[in-house]
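> A predicted structure for the sequence below; I have some questions about it.
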Protein chains: 2
Amino acid sequence: MAEFPKGVKNLINAFERLPGIGPKGATRLVFYLLNTPKVYVEDLATCLVKMKTDVKICKTCFSVSEQDICSICRDSNRNIRQICVVEKAIDVMIIENMGGYKGVYHVLGGVVNPLEHVGPDDLRIDELIQRVKSFLTNSDMSGDFEIILATNPTMEGEATALHIKKRLEGLKIKISRIGSGLPIGADLEYADQATLSRALEGRKDI
Amino acid sequence: MAEFPKGVKNLINAFERLPGIGPKGATRLVFYLLNTPKVYVEDLATCLVKMKTDVKICKTCFSVSEQDICSICRDSNRNIRQICVVEKAIDVMIIENMGGYKGVYHVLGGVVNPLEHVGPDDLRIDELIQRVKSFLTNSDMSGDFEIILATNPTMEGEATALHIKKRLEGLKIKISRIGSGLPIGADLEYADQATLSRALEGRKDI
């Protein structure tokens, strides 16, 4: 059995390490790139290296940024009295793409997950508490201050939200959790029991 | 609405141009790479550039190779009296991975496709005819010489196989086409009509 040339094999191995790309997908990508102009492949390589060197982590909210403080935290039109707490930087972009949210963010960098040895200390929870406390001492406390816990409605996300809620107890702030229930367009017939029971619990007067 | 940092945006655009990767998949890949060690991302970038510079096209069979002539064409244990004609270089690797085939290959570089303006002259058909002819004149013609047409059983693949068959007519060689019918493990109930009729046509005595 003949083997792939070394250059092809190495690139397949490198692609395979990416999430959602298996051996077949990686092979297909490499053979696609073999037939594309060299300039495009070089552009992809440059983008990869530049992304790693240019993109920083915002010192306030820990989202991705071009500068030390991200464009959202620098924006004076944003309501800094409303912090949306999310798991990952990509969640910030998903909420931003939705449009309409005018507050700021706080990226935890994951969720509490005992099976993967991720405890509360591995997340940016202390930084969140510090951020809230320093805001409360510096500001004149006029108006509300709200923390929206927007971790995923999974077991780990719920546990993390609960843990943060407990840590914030005693501070005079509003703490909310994103709504969960049936997604728009769903069918009761196909809904799982946990989602259905959550949808009933979260019913609203109309 | 806040935007992604430029480094992130550029890499998403570069990934999106790859086959099978959409905007969401590209975004997920980039945010995954943001959290991976720099050395891995740089390794991926190096592999990309090296693949483009190091990998050559074999001058005999037009498959991918590390040298001017690929390892299969250089292998004296291979039966050069049996040429398997395939569409793309990746097909060579797929047949090699299967194991068992001991002949050599010829990569056409595509199929005849009038809708995409690909005619027979855009493929390496002349090179195949030349290869067969020069073999027939140089060798003492003892034993058989076989061309296996292994283009895909699609409309374009069939048309290309038929075209090559016509071009090779008159030469004293055996020309065969890979079998088509129901794939192993398939169910008659779910087979499409074209496959089923091909399976009946291609029935064998047992």
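Yep, that arrived. The structure presented is a predicted model; accordingly, all values stated were derived computationally and were not measured.
> Show me how chain A divides into domains.
Listed by automatic domain parsing, the domain ranges of chain A are A:6-54, A:77-177.
> Let me have these in TSV, extended by mean neighbour count, distance to A:Ile184 and mean pLDDT.
Yep, even glycine has a C-beta here, placed from its N, CA and C like the rest. Converted to TSV, those look like this (neighbours: other Cβ atoms under 10 Å in any protein chain shown; distance: least, Cβ to Cβ, whole Å; pLDDT from 0 to 100):
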stretch	mean neighbour count	distance to A:Ile184	mean pLDDT
domain A:6-54	17	26	91
domain A:77-177	16	13	90
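> so where's the longest helix in chain A?
Ranked by residue count, the top helix of chain A under DSSP state H comes out as helix A:38-54.
> what angle separates it from helix B:38-54?
Orientation note: helix A:38-54 sits at an angle of 170 degrees relative to helix B:38-54 (axes from the mean of the first three to the mean of the last three Cα atoms, to 10 degrees).
> TSV please, covering the domains of chain A and showing distance to chain B.
Compiled in TSV, those are given as follows (distance: least, Cβ to the nearest Cβ, whole Å):
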stretch	distance to chain B
domain A:6-54	4
domain A:77-177	4
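> Export the ones you listed to TSV and append columns for distance to B:Val112.
Converted to TSV, the domains of chain A look like this (distance: least, Cβ to Cβ, whole Å):
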stretch	distance to B:Val112
domain A:6-54	17
domain A:77-177	43
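> rewinding a little: after the longest helix of chain A, next one along is what?
Per DSSP states H and E, the first helix or strand lying C-terminal to helix A:38-54 is strand A:56-57.
> nearest residue to A:Lys38 other than its sequence neighbours?
Nearest non-adjacent residue to A:Lys38, counting by Cβ to Cβ, 6 or more residues apart in numbering or on different chains: B:Lys52, 5.0 Å away.
> so what's that neighbour up against?
A:33-34, A:38, A:41-42 (Cβ atoms under 8 Å, 6 or more residues apart in numbering or on different chains).
> Same question for A:Asp144.
Here A:Asp144 is in contact with A:81, A:173-174 (criterion: Cβ under 8 Å, 6+ apart).
> Kindly recompute the last result at 10 Å.
Counting by Cβ atoms under 10 Å, 6 or more residues apart in numbering or on different chains, A:Asp144 touches A:81-82, A:172-174.
> Repeat that for A:Ile83.
Residues near A:Ile83 by Cβ under 10 Å, 6+ apart: A:61, A:103-106, A:128, A:131-132, A:135, A:145-150, A:173.
> Contacts only, for A:Arg74.
A:58, A:60, A:65, A:67-68, B:2.
> could the residues you listed go into TSV alongside distance to B:Ala89?
Listed next are the contacts of A:Arg74 as TSV, based on distance: Cβ to Cβ, whole Å:
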residue	distance to B:Ala89
A:Cys58	45
A:Thr60	50
A:Ser65	42
A:Gln67	45
A:Asp68	47
B:Ala2	43
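> Quick check: the two most widely separated of those residues?
Distance extremes for these: the farthest pair is A:Asp68 and B:Ala2 at 15.9 Å, using Cβ to Cβ.
> neighbour count winner among these two?
The neighbour comparison of A:Asp68 against B:Ala2 (other Cβ atoms under 10 Å in any protein chain shown) goes to B:Ala2, with 20 against 12.
> could you point out the longest strand in chain A?
Longest strand in chain A by number of residues, with DSSP state E as the criterion: strand A:79-86.
> helices or strands up against the helix or strand that that one is followed by?
Per DSSP H and E, strand A:79-86 leads on to helix A:89-98 as the next helix or strand towards the C-terminus. Secondary-structure packing of helix A:89-98 (3 or more Cβ pairs under 10 Å, 6 or more residues apart in numbering or on different chains; DSSP states H and E): strand A:64-65, strand A:79-86, strand A:103-107, helix B:6-16, helix B:23-34.
> at 8 Å instead, please
Here helix A:89-98 touches strand A:79-86, strand A:103-107, helix B:23-34, going by 3 or more Cβ pairs under 8 Å, 6 or more residues apart in numbering or on different chains; DSSP states H and E.
> Save the ones you listed as TSV, and put in distance to B:Gly157 too.
Converted to TSV, the helices and strands packed on helix A:89-98 look like this (distance: least, Cβ to Cβ, whole Å):
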stretch	distance to B:Gly157
strand A:79-86	49
strand A:103-107	50
helix B:23-34	29
